[in-house]
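Student: Below is the structure, and that's it, no one-letter string:
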């Protein structure tokens, strides 16, 4: 009886308060916590996995709309102890599924089990799915969800089940498709960078638009576009929808009002130049198309040309080169990466002592080829590989 009461007590939607968790890539949680504070939300806890916070429906929607770095935002529906499948199945029927699922809803489950008696994730998923279909008329459990690294289309409601030391936590995803899917990136180049990681690079470097930004390996334009969105205060989620908008009782007028307020806060233009370059004509074409869809094409200079033709001195006396340069883990084209990094260092030094280089790299040995001295401002992952964001000392 006490477990059943606990499951009900941990129903944040019923209390008009969402027990929320913004999922973070490695190393990014403190930056997401700062985003929450800027949005008027006080984080309850910051862990390597993400940021937990209490939120009203409006605040939850606001975080989804405005977070540039979170992967997705979960809402906890229930938490209980289960050491056997009979208990799990009983408790799964007590979860307030009606708060996030309408009749006929399609659901996918993501299950992880750690140091628990119930360690078989498929069996756990089967019992939870049964609890859903027994509670919501016409609902369908369509199987297991993909891992976030593989991405998902967001067309079904994601339910996340986590067992840890026999403690089961069941959460509903409020975001839908991963939040890096802003809606503007349709044209891609080689080894595309996720928008959330580009935003984290900008935040970690504390670039605020007061000095020029140059990306000499711009690819499909993610870093430059995210820079323009950041400086113009354009909410990254304005071009998409979120799973919580389909929940029973969703407040559509509130959602539209939050969006309208976000549009009204946009600035008309950026300040300092944002210059994007790439030697590949196809990459530049993709960058132009993406920037136009994002509404920032007029804020960017997009040029085709080799790294050696990049003149920082012509752009300004001070600035930041921020880039995701080629490296062997992403692209294996036989190029001499060491000489490429050496040329990158030469370009930055030619710009003058007030230019800095920030870059995403998996290997300090490659960074050393620039002959610049770096500090690590972020340690994270890109495509499953550990990487660092390094910034040269001024």
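Tutor: Cool, got the structure. Not measured: the values here are computed from a predicted model. Numbering: from 1, shown residues only.
Student: which residues touch stretch 245-263?
Tutor: Residues from elsewhere that reach stretch 245-263 (C-beta atoms under 8 Å, 6 or more residues apart in numbering): 13, 57-58, 61-62, 65-66, 98-102, 157, 234-235, 238, 244. All C-beta atoms are positioned from the backbone trio N, CA, C, and that covers glycine.
Student: That should have said stretch 29-49, apologies.
Tutor: By C-beta under 8 Å, 6+ apart, the residues outside stretch 29-49 that reach it are 22-24, 26-27, 50-55, 59, 62-63, 66-70, 200, 203-204, 378.
Student: mind running it again at 6 Å?
Tutor: 22, 24, 50-53, 59, 62, 66-67, 69-70, 200, 203 (C-beta atoms under 6 Å, 6 or more residues apart in numbering).
Student: Narrow the contacts of stretch 245-263 to just the buried residues.
Tutor: Buried residues within the contacts of stretch 245-263, counting neighbours by 16 or more other C-beta atoms under 10 Å: 13, 57, 61-62, 65-66, 98-102, 157, 234-235, 238, 244.
Student: Let's see which of those end up in helices.
Tutor: Secondary structure from DSSP state H places 57, 61-62, 65-66 of the buried ones among the contacts of stretch 245-263 in helices.
Student: Can you tell me which of the residues you listed lies closest to residue 316?
Tutor: Relative to residue 316, the closest of these is residue 66; by C-beta to C-beta it sits at 29.5 Å.
Student: Please identify the nearest residue in space to that closest one, excluding sequence neighbours.
Tutor: Leaving aside its sequence neighbours, residue 66 sits nearest to residue 235 (C-beta to C-beta, 6 or more residues apart in numbering; 5.1 Å).
Student: Please determine how far the one you found is located from residue 22.
Tutor: 15 Å (C-beta to C-beta, to the nearest Å).
Student: can you give me the helices for the stretch 151-300 of the chain?
Tutor: In the stretch 151-300 of the chain, the helices defined using DSSP state H, counting those that start in this stretch lie at 195-204, 222-231, 252-264, 281-294.
Student: nearest to residue 182, of the ones you listed?
Tutor: Comparison of those against residue 182 by C-beta to C-beta identifies helix 195-204 as nearest, at 5.5 Å.
Student: average pLDDT for that closest one?
Tutor: Across helix 195-204, pLDDT averages out at 98.
Student: quick one: low-confidence ranges for the stretch 201-350 of the chain?
Tutor: 329-335 (pLDDT under 70).
Student: tell me the strands in it, going along the chain?
Tutor: All strands of the stretch 201-350 of the chain, identified by DSSP state E, counting those that start in this stretch, fall at 213-215, 274-278, 300-304, 319-323.
Student: so of those strands, which one's packed in deepest?
Tutor: Highest mean neighbour count of the strands of the stretch 201-350 of the chain: strand 213-215, a mean of 29 (counted as mean count of other C-beta atoms under 10 Å).
Student: Show me what it pairs with in its sheet, parallel or antiparallel.
Tutor: If you go by DSSP bridges, strand 213-215 pairs up with strand 274-278 (parallel), strand 319-323 (parallel).
Student: For these, give me CSV that also has distance to residue 352.
Tutor: What follows is the strands paired with strand 213-215, written out as CSV (distance: least, C-beta to C-beta, whole Å):
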stretch, distance to residue 352
strand 274-278, 16
strand 319-323, 9
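Student: Name the nearest of the buried ones among the contacts of stretch 245-263 relative to residue 351.
Tutor: The shortest approach to residue 351 among these belongs to residue 234, at 28.3 Å (C-beta to C-beta).
Student: which non-adjacent residue is nearest the closest one?
Tutor: When the adjacent residues along the chain are set aside, residue 234 lies closest to residue 266, with 5.2 Å between them (C-beta to C-beta, 6+ apart).
Student: Identify the residues contacting that neighbour.
Tutor: Residues near residue 266 by C-beta under 6 Å, 6+ apart: 232-234.
Student: Redo these as JSON lines? Include distance to residue 119.
Tutor: JSON lines is the format used below for these (distance: C-beta to C-beta, whole Å):
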{"residue": "232", "distance to residue 119": "49"}
{"residue": "233", "distance to residue 119": "47"}
{"residue": "234", "distance to residue 119": "45"}
